[in-house]
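Trainee: here's a sequence, model it:
(2 chains)
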Amino acid sequence: MSSWPPGLLMIIGGLLLPCLPKSGRRWGTVLLPLASGLHLLWLVWGELPDPTGLQLFNQELTLVRIDRLSLVWGTIFHIAALLTAIYSWHVKDATQQSAAQAYAGAAIAAVFAGDLLTLFVFWELTAVTSVFLIWAARTDRSFHAGLRYLIIQIGSGVLLLAGIAMLAGEGGSSALVFDNLWDRFQGGTAGFCPVMLILVAFGIKAAFPLLHNWLQDAYPEATVTGTVWLSAFTTKLAIYALARGFAGADCLVWIGAAMTVFPIFFAVIENDLRRVLAYSLNNQLGFMVVGIGIGTEMALNGTAAHAFAHILYKALLFMSIGAVLYRTGTAKASELGGLYKSMPWTCGFCIVGAASISAVPLFSGFVTKSLILEAAVDNHYSLIYLIMLFASVGVLEHSGIKIPYFAFFGRDQGHRVSEAPRNMLIAMGITAAMCIGIGIFPEPLYRLLPFETGIAPYETYRAGHLISQLQLLAFAALAFTVLIRTGIYPPELRALNLDTDWFYRKPLPAGIRACWRTLEQWRSDAVTGIHRLADPLRKGAHHLLGPGGLLARTWSTAEMVLWVAILLGISLVVYYL
Amino acid sequence: MNLEQLPILQVILPLLAAPCCLLLRRSRLAWGFAVLVSCSSLLIAATQLHIIHHSASGSISYEIGGWAAPWGIEYRLDRLGGLVLLVLTAIAAVTLSVARRLLQEEVPEERHHLFFATFLLCLAGLSGIVSTGDLFNVFVFLEIASLSSYVLISMGRSRRALVAAFQYLVMGTIGSTFILIGIGLAYMMTGTLNMADLAQRLTMTLDSVYAEGASIENPALPVNQTRTILAAFAFLTVGLALKLALFPLHAWLPNAYATAPTVVSTFLAGTSTKVAYYVLLRVTFTIFGLAFTFGQVGLQFLLTPLAIMAILVASTIAIYQGDIRRILAYSSVAQIGYLVLGLSFATQAGLTAGIVHLFNHALMKSGLFLVVGCIATRQAGLTLESIRGLGRRMPLTMAAFVVGGLGLIGVPLTSGFISKWLLVSAALESGRWLVAVLVVTGSLLAVVYVWRVVEAAYFLEPDDKTTSEPHDAPAGLLAAAWVLLGATLVFGIYTDLPVGVAREAAASLMGVGS
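Mentor: A predicted model of the protein is given here:
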């Protein structure tokens, strides 16, 4: 088992889950991440000096590579899988249980892939397994959203494969090693095309601007628990891939900065709270992408730490809104409000998550985001720094205040429901505790980070940083209050907000249909023409070769012998010449 | 254990076992004995191939009666012969093991022992052709194999089998005669019948072959440039083309395969034309040599067009056929085209493709005819109309047919793909773009004729829907069919045995390597 990739246990176990009885499946969902975690620990502490190799198509494949960078993601993925499994304890649907385990396992295995081909395999596996979490909602909308999600995810995989194939074609037995592709491109050992293809493939999964729509489209359509699963793995796997392959690619700084800003506007006007969270997820990814783009050790540490903390608080937010959806049946801001009386614990956990994402001091977001901000300052990206500051305000506004405000406070809509189920509360409680724990004691997390920098421990709680962040928070809160009070704040309407995906959801299919009709016309014309041309040919063939045809009927012995004589004659002539 | 005697045992065992079958008389006894003999033959063939493949020289030589080569008869087996023997004996063993069940439908019980005796004779003849290193011996064994196969075919249920067998007899005899004439002419010019010796003497000059004092017009002329040798080559190649059923000398084959007892079609479809192909390889490459065959004579100018015609014409005719056995028979003619095409490239890659396809097609076609035998145990008709809806009535049987059909088409993961792939890449490697395109076209035609069977079995409703509950063929038969067709799947993935051996066999035929 020492050559098994971590996570493979979960994939196989997950696929076997449907064979178990109901109670067994339940325990399985919790025990599998635990077992997989132990497997990873065993691998880390055991003797694993050289990566597990495998030879395929003249390429050295490395199924398992454990280093500090992959370990950060491996750890948090296991934690997230365990917590979400507890949160999903009440789910009885074998499809969801099985898909979720296999999905999480594939994401973990992908993180520990040492070469691009292995990465590709698990990359596609995450896409194929996760779509079942969307389809499991079993609504018409979720079916179509799932289909779009699958097409885009598979598309990302295909681009990745194309890039891999081109890299392999460029030669070298180590062409497929998954190391810093950007450096290879800069150093001239890898071509422009393959590297860009792979970047776009990663970018799709990381929801780069204009490649992002699948995220907000699909996540809110998944099941209550499915969204929590989804929020943890897919995009963060892409962030890992970027951090591994494109650290220091300066274009990513600007892409990331754009990513932090544009979702804010959509998040502010969006009514579906799970979609708000999807937008805010996208914006958080932006911070990580900026960190990758800067590419210094400090920035990469920041990205890793932020991904770690982000998975926890984003899961916590999705969990709490999921609990609300589970109890009330809706996650629309316009239909919610005043739930703090019915669901006090959930409300409390949601506020912890909101505080974390808003980077309130003493919560996890504060200690991790500051690393990226600081890296930006250190590397003289002042404009980027300002954009990120602005984005932080936006985060506070739409995730920190809007989510708890509209769900639990605001206008009471008269929902009188019971508190979230106990398993959800346990999962949220642990997650919240970890959010606070990281905020107060960041030491263990810092020690896990990929690079050991000279400045240890990070001076996160410096007075200047503390004050600026508090100012920011205070003024953002003030602005929200003023806007709400004066009624300027965009009201929560049951409206549909158009994102750029409108272009490929409406005009594109219509255009394709129009093209199709034209092509169909051409095709039928061509078929008629070909028929007219080919008819004599077909008749001739039928006459010659068809039943009773010259060549197909049974020949008499004399005819056969005649042919023998002819052939002998021909061969004699040919040979003598 | 003394393994030196294996080459002769390979031939002598079925040859002596055949009359024993006559003495046993009882169907079950004779059958059990024949199965035992064929399994032993398989074991011997496998052992021989193992020895050859791991020996330094890559061949086994055996002198009958201890007489050294040019005077005595030599048995010589190299990798090519070992591979052909392996597939020959394997198909014989599988076919014989289910032969009794198949014969129950087609041959009266009191004639079973005659059948098994003839079958073993045929096996002995075919094994002998492959084993021997002596050209006249080839003729003798060819006659043994041919005569016994005429008898086997004539045992078919319908009276048309007699006509088909008679036609085959006439044509086969003409073929044998041509071969004998060719051998005679060659003997006349060289004074030897041993293949290796013959090959050597053909390149020598006339005066060094003939005794001192003989009056020769042109003493410096190499033997193989004389008219006599050219005529010998023409007779040999045409005779072999007839035995091989190369288009347009294929006309005896469809009727013979379609009217023979299915167990006979199963055996002959996989072995008899393949052995003829083996002899063609021996004659063109080992005896006359690459330079003569393709340089001086230009055999490729004759064979390439014929092979392509075989592929295209026979595949198209197969599309129009209404009887499954005739579809398969015409498909065989097309597949022979692929074999000959590989040979006509005169490159190592082409030869490899031909040899691999020999191996793969033998398994496929025998398996498919066995499936036909499975169908025949449950219903009388074998036309496309009568097998309608058979996919539901005999699911496992028809699934086997689909596997074999995919192999004929050359779908990846079947062994048919491997040989087609090798053939196409051999064509491209030597710059024959058009040929590669035509090979692929042939595969598309195969899609059509395979599809017609699949369509009838799976997508058309039977005329009477009374017997709709699944009723597959007897388990033993089905297992045998699946063994052969399963092997095509296995060799579609693990290609070491056929491709590895074929590559070295091709190398030695081309005169490179060991």
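
Trainee: any buried residues in the helix or strand where residue B:103 lies, and which?
Mentor: When elements are defined using DSSP states H and E, residue B:103 is found to belong to helix B:79-106. For helix B:79-106, a neighbour-count test (16 or more other CB atoms under 10 Å in any protein chain shown) marks B:79-103, B:106 as buried. C-betas here are computed from N, CA, C, even on glycine.

Trainee: now for that helix, which elements pack on it?
Mentor: For helix B:79-106, the contact count by 3 or more CB pairs under 8 Å, 6 or more residues apart in numbering or on different chains; DSSP states H and E identifies helix B:27-54, helix B:112-131, helix B:262-281, helix B:348-378, helix B:475-493, helix B:501-509 as packing neighbours.

Trainee: run a quick neighbour tally on the nearest residue to residue B:269 once chain neighbours are set aside.
Mentor: The spatially closest residue to residue B:269, leaving aside those adjacent along the chain, is residue B:365, at 4.5 Å (CB to CB, 6 or more residues apart in numbering or on different chains). Applying the criterion other CB atoms under 10 Å in any protein chain shown, we find 30 residues in the vicinity of residue B:365.

Trainee: before we move on, what about the one 4 residues further on?
Mentor: The number of residues packed around residue B:369, counting by other CB under 10 Å, is 30.

Trainee: then residue A:422?
Mentor: Neighbours around residue A:422, by other CB under 10 Å: 10.

Trainee: please list the residues of the stretch 401-550 of chain A that sit near chain B.
Mentor: Taking CB under 8 Å from any CB of the partner chain as the criterion, the stretch 401-550 of chain A approaches chain B at residues A:541-542, A:545-547, A:549.

Trainee: what's the PyMOL syntax to select whichever of those are buried?
Mentor: To isolate in PyMOL the members of those that are buried, counting by 16+ other CB under 10 Å, one can use:
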select buried, chain A and resi 541+545+546+549
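
Trainee: identify the farthest-apart pair in the residues of the stretch 401-550 of chain A next to chain B.
Mentor: A:541 and A:547 (12.2 Å; CB to CB).

Trainee: how about TSV for the helices and strands packed on helix B:79-106, with mean pLDDT added?
Mentor: Formatted as TSV, the entries for those read as follows, by pLDDT from 0 to 100:
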stretch	mean pLDDT
helix B:27-54	91
helix B:112-131	93
helix B:262-281	92
helix B:348-378	92
helix B:475-493	89
helix B:501-509	88
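
Trainee: next structured bit after the one helix or strand residue A:130 maps to?
Mentor: With elements taken from DSSP H and E, the one containing residue A:130 is helix A:116-135. For helix A:116-135, the following helix or strand on the C-terminal side (DSSP H and E) is helix A:140-170.

Trainee: distance from that next one to the middle of the chain?
Mentor: 12 Å (CA atoms, centre = their mean, to the nearest Å).

Trainee: return the residues in contact with the residue positioned nearest the centre of chain A.
Mentor: Averaging the C-alpha coordinates of chain A gives a centre point, and the residue nearest to it by CA atoms, centre = their mean is residue A:234 (2.2 Å). Taking CB atoms under 8 Å, 6 or more residues apart in numbering or on different chains as the contact definition, residue A:234 lies against A:107, A:126-127, A:130, A:153, A:205.

Trainee: separation between it and residue B:302?
Mentor: 63 Å (CB to CB, to the nearest Å).

Trainee: and if you look at residue A:84?
Mentor: 73 Å.

Trainee: higher neighbour count, the two?
Mentor: Summary of the neighbour comparison: residue A:84 and residue B:302, criterion other CB under 10 Å, with residue A:84 having more neighbours (27 against 22).

Trainee: doesn't the more buried one belong to a helix?
Mentor: Yes. Under DSSP: H, G, I helix; E, B strand; the rest coil, residue A:84 falls within a helix.

Trainee: look up the closest residue to the residue in the stretch 351-500 of chain B positioned nearest to chain A, ignoring the ones flanking it.
Mentor: Closest approach of the stretch 351-500 of chain B to chain A (CB to the nearest CB) occurs at residue B:445, with a separation of 10.6 Å. Excluding the flanking residues, the one nearest residue B:445 by CB to CB, 6+ apart is residue B:315, at 3.6 Å.

Trainee: residues contacting that neighbour?
Mentor: Here residue B:315 is in contact with B:330-331, B:334, B:442, B:445-446, B:449 (CB under 8 Å, 6+ apart).

Trainee: swap in residue B:330?
Mentor: Under the criterion of CB under 8 Å, 6+ apart, the contact list for residue B:330 reads B:254, B:314-315, B:317-318, B:321, B:449.

Trainee: what about the nearest residue to it once chain neighbours are set aside, distance to residue B:384?
Mentor: The shortest distance from residue B:330 to any non-neighbouring residue, by CB to CB, 6+ apart, is to residue B:318 (3.8 Å). Using CB to CB, we find residue B:318 at a distance of 12 Å from residue B:384.

Trainee: and if you look at residue B:250?
Mentor: Distance of residue B:250 to residue B:384, given as CB to CB: 22 Å.

Trainee: neighbour count for the two, which is higher?
Mentor: Between residue B:250 and residue B:384, counted using other CB under 10 Å, the more crowded position is residue B:250 (29 against 18).
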